[in-house]
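1. My questions concern the predicted model and sequence given below.
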Amino acid sequence: MVMASITSHLTSPFLSTPEFCRLSQSLHRSLRQRRCIRKSVPGTISASIDLKPPPYALNALEPHMSAETLEYHWGKHHRGYVNNLNKQIEGTELDEMSLESIISASYNKGDILPAFNNAAQVWNHEFFWESMKPGGGGKPSGELLELINRDFGSFEGLIHEFKLAAITQFGSGWTWLVYKEHKLDIPNARNPRPSEQDKKLVVVKSPNAVNPLVWEYHPLLTLDVWEHAYYLDFENRRTDYISTFLNKLVSWETVSSRLEAAKVLVAEREREMEEIDAIDDMDTIEPEDTDMYFGSDADDFADDDE
Amino acid sequence: MASVTTIVSQLTSSAFLPATEFCRLSQSLLHWSQMQGPGIDLKPPPYALDALEPHMSKDTLEYHWGKHHRGYVNNLKKQIEGTELDGMSLENIILASYNKGDVLPAFNNAAQVWNHDFFWESMKPGGGGKPSGELLELINRDFGSFESLIKEFTIAATTQFGSGWAWLVYNDKKLEVVKSPNAINPLVLGYHPLLTIDVWEHAYYLDFKNLRADYISTFLDKLVSWDAVSSRLEAAKVLE
């Protein structure tokens, strides 16, 4: 049953804050909502944004990512985004909103508002730390591997495409594996005939702070390719950094959990849309209701001149 | 016309080259480069790689010039070989591949080659201090004061989110500060660049880590060559 799946995911040890918020909102979502608007829910954490530590010690990813890198990357850059965001949102309507809601509101359909860069970078960095683990790398398995084989031909196919995206993101940015829900590329558009084939794994890249939440994709994995992410350990050798990340750091377990959560969310949303459609059908106007349009007395519409 | 090597050595040799002489020589060079095809070269900075220490380390120059700048040159050459861009001057490659904003593949490399050449030449050992002469007059006229220019340039350099550059330019007979993302430079807007600072993280990470503000101050206090900026202004005034 859907509720049990959501609950079990909510209690998983490595669930990130944005995942928690998303799943808890699924539990509360109203049937009468016509659009899946994410709102702050009473009882969820909505105070100022926190600097979450990575789920491992700062030296735990050595020798592949040094303690020094984590000290600067998490301790200065990520911390800086958190502090700057809190200053920006204090006393505004964005204060008290969830991080994902702040991102969505400040993305403003591409015409970004000041808080966007900081908010998105906070989210991106949390997601990045959680995409790695000590002793990472290896290969995925189970359903994740099945979908990889289906959508990329093979695991090697995925790796090739991911590396290409990471190396060709010019300037600062991020590389992502995402679960793409819709066949249509238009955000907020409903696919009239959804099928399993439309739900695909895709590799995308984004500049600066942009992330796939704004395209309504479900992020599963990310790699930070801002130079600050790799310069202390690799200098200009971004290619070596990408290989090391994929061979030694990526947590495919986390990617699998995120895929599960995304599928649950998508299924829940589809079920709600079906229920809304069913209610709409019941509201269809019956012939005897035409009186409400034409008035109880046809003389109401006689010409005044007559 | 004097050979290009003579022109370049005259341009870079003397600390006491008068602006008018610099202007004449640089225009000769510009004229020459526009007549020839290039080839595109990795030009060395006009000083040794350790000459900007302690403000910009030799380590930084070795990576920044020796790997990043060199990489852009090599990649550009591969990209343009056998195409219509081959044989064009660097500036013309930039303008052609900018393609009114819908950039073609060679743009990023071409612009980054130009930007880095321009950046090395924007600095000198024992740099910093204050500008003088006509440059200072225009600064006072267009910014109110030298301090005000410094402030505006610093803000532009600090607030360029992600990778990019901050510039002092001459446009429509006025000095302006602009900033640009990634490889974009003011040539594509038809402005005359006078000064630039590279704010890609690779420019400062080895020396300053995340402290971009300190890097910008150091650049302005200790590295910027106001002489080069003045000469460029002279050349720009002739061209406008």
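-> Happy to help now that I have it.

2. and the gap between the spatially most central residue of chain B and chain A?
-> Centroid check for chain B by C-alpha atoms, centre = their mean gives residue B:118 as the closest residue, at 2.1 Å. According to C-beta to the nearest C-beta, to the nearest Å, residue B:118 stands 18 Å off from chain A. C-beta: built from backbone N, CA, C; applies to glycine.

3. longest single helix anywhere in chain A?
-> Criterion DSSP state H: the longest helix present in chain A is helix A:252-282.

4. got the buried residues for that helix?
-> A:252-266, A:268, A:272-273 (16 or more other C-beta atoms under 10 Å in any protein chain shown).

5. Show me what it is packed against.
-> helix A:2-10, helix A:17-28, helix A:142-152, strand A:173-180, strand A:218-224 (3 or more C-beta pairs under 8 Å, 6 or more residues apart in numbering or on different chains; DSSP states H and E).

6. Give me the angle between the last one and helix A:142-152.
-> For strand A:218-224 against helix A:142-152, the angle by axes from the mean of the first three to the mean of the last three C-alpha atoms, to 10 degrees is 80 degrees.

7. pLDDT on strand A:218-224, on average?
-> Across strand A:218-224, pLDDT averages out at 98.

8. hmm, it touching chain B?
-> No - if you take C-beta under 8 Å from any C-beta of the partner chain as the test, strand A:218-224 misses chain B, and the best it gets is 11.6 Å.

9. The longest helix of chain A versus helix A:142-152: what angle between them?
-> 80 degrees.

10. Tell me what angle helix A:252-282 forms with strand A:173-180.
-> Helix A:252-282 runs at 50 degrees relative to strand A:173-180, counting by the same axes, to 10 degrees.

11. how far does helix A:252-282 sit from the chain's center?
-> Computed by C-alpha atoms, centre = their mean, to the nearest Å, the chain-centroid distance of helix A:252-282 equals 14 Å.

12. quick one: low-confidence parts of the chain?
-> Answering for chain A, as no chain was given. Within chain A, the ranges that satisfy pLDDT under 70 run A:1-47, A:182-197, A:283-306.

13. wait, chain B
-> B:1-15, B:25-38.

14. can I see the domain layout of chain B?
-> Following automatic domain parsing, one finds the domains of chain B at B:4-38+B:58-120, B:133-239.

15. out of the ones you listed, deepest packed?
-> Scoring the domains of chain B by mean neighbour count under mean count of other C-beta atoms under 10 Å in any protein chain shown gives domain B:133-239 as the most buried, with a mean of 19.

16. now do the same end-to-end measure for that domain.
-> Taking C-alpha to C-alpha, to the nearest Å, domain B:133-239 runs 19 Å from one end to the other.

17. Kindly report the same for stretch B:186-193.
-> 6 Å.

18. Residues touching it, excluding its own?
-> By C-beta atoms under 8 Å, 6 or more residues apart in numbering or on different chains, the list of residues contacting stretch B:186-193 from outside reads B:91, B:94-95, B:98, B:111, B:114, B:118, B:167-171, B:176, B:178, B:180, B:185, B:232, B:235-236, B:239-240.

19. for the domains of chain B, which one sits closest to residue A:102?
-> Closest to residue A:102 of these is domain B:133-239 (C-beta to C-beta; 17.0 Å).

20. next one: the closest one to chain centre, how far?
-> With C-alpha atoms, centre = their mean, you get 9 Å for domain B:133-239.

21. Also stretch B:104-117?
-> Relative to its chain's centre, stretch B:104-117 lies at 12 Å (C-alpha atoms, centre = their mean).

22. Contacts for that stretch, please.
-> So stretch B:104-117 is contacted by A:170, B:40, B:43, B:64-65, B:68-69, B:72-73, B:75-76, B:79-80, B:85, B:90-91, B:93-94, B:96-99, B:165, B:182-185, B:187-188, B:196, B:198 (C-beta under 8 Å, 6+ apart).

23. What is the neighbour count of the closest residue to residue A:163 other than its chain neighbours?
-> Using C-beta to C-beta, 6 or more residues apart in numbering or on different chains and skipping residues adjacent in sequence, the residue nearest residue A:163 is residue A:242, 5.4 Å away. Residue neighbour count, defined by other C-beta atoms under 10 Å in any protein chain shown, stands at 22 for residue A:242.

24. what helix or strand does residue A:242 sit in?
-> Taking DSSP states H and E as the criterion, residue A:242 maps to helix A:238-244.

25. tell me which residues in stretch B:50-57 are buried?
-> Going by neighbour count (16+ other C-beta under 10 Å), the buried part of stretch B:50-57 is B:52, B:55-57.

26. of all those, which comes closest to residue A:133?
-> Looking across those and measuring by C-beta to C-beta, the closest to residue A:133 is residue B:57, at 34.6 Å.

27. list the contacts for the residue nearest to that closest one when sequence neighbours are not counted?
-> Of all residues not flanking residue B:57 in the chain, residue B:207 sits nearest, at 5.3 Å (C-beta to C-beta, 6+ apart). By C-beta under 8 Å, 6+ apart, the contact set of residue B:207 is B:56-57, B:59-60, B:215.

28. Likewise for residue B:195?
-> B:122, B:167-168, B:224, B:228-229, B:232.

29. now do residue A:136
-> Neighbouring residues of residue A:136 by C-beta under 8 Å, 6+ apart: A:248-252.

30. Would you agree residue B:169 falls within a strand?
-> Yes - under DSSP: H, G, I helix; E, B strand; the rest coil, residue B:169 falls within a strand.

31. State the helix or strand in which the residue nearest to the centre of chain B lies.
-> Assigned by DSSP H and E, residue B:118 falls in helix B:106-120.

32. Against which helices or strands is the next helix-or-strand element following that helix packed?
-> Moving toward the C-terminus from helix B:106-120, the next helix or strand (DSSP H and E) is helix B:133-143. When contacts are defined as 3+ C-beta pairs under 8 Å, 6+ apart, helix B:133-143 sits against helix B:146-159, strand B:174-181, helix B:226-239.

33. could those be laid out in JSON lines, adding distance to chain A?
-> Conversion of those to JSON lines gives the following (distance: least, C-beta to the nearest C-beta, whole Å):
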{"stretch": "helix B:146-159", "distance to chain A": "10"}
{"stretch": "strand B:174-181", "distance to chain A": "7"}
{"stretch": "helix B:226-239", "distance to chain A": "26"}
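
34. Can you lay out those as CSV showing distance to residue A:165?
-> Output for those, formatted as CSV (distance: least, C-beta to C-beta, whole Å):
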stretch, distance to residue A:165
helix B:146-159, 28
strand B:174-181, 19
helix B:226-239, 39
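
35. Can you say which of these is nearest to residue A:230?
-> Among the helices and strands packed on helix B:133-143, strand B:174-181 comes nearest to residue A:230, with 20.1 Å by C-beta to C-beta.

36. just checking, next helix/strand downstream of the closest one?
-> The helix or strand immediately downstream of strand B:174-181 is strand B:192-198, counting by DSSP H and E.

37. Compute the distance between the closest residue to residue A:132 other than its chain neighbours and chain B, please.
-> Distances taken as C-beta to C-beta, 6+ apart put residue A:249 closest to residue A:132, at 4.3 Å, once the chain neighbours are dropped. As for residue A:249, its distance to chain B is 20 Å (criterion: C-beta to the nearest C-beta).

38. and if you look at residue A:80?
-> Noted for residue A:80: a distance of 7 Å to chain B, by C-beta to the nearest C-beta.

39. what's the answer for residue A:118, then?
-> According to C-beta to the nearest C-beta, residue A:118 and chain B sit 10 Å apart.

40. where's that residue, which helix or strand?
-> Assigning secondary structure by DSSP H and E places residue A:118 in helix A:115-129.

41. Give me the contacts around that helix.
-> Contacts to helix A:115-129, defined as C-beta under 8 Å, 6+ apart, come from residues A:16-18, A:49, A:52-55, A:73-74, A:77-78, A:81-82, A:84-85, A:88-89, A:94, A:99-100, A:102-103, A:106-108, A:174, A:208-211, A:213-214, A:219, A:222-224, B:161.
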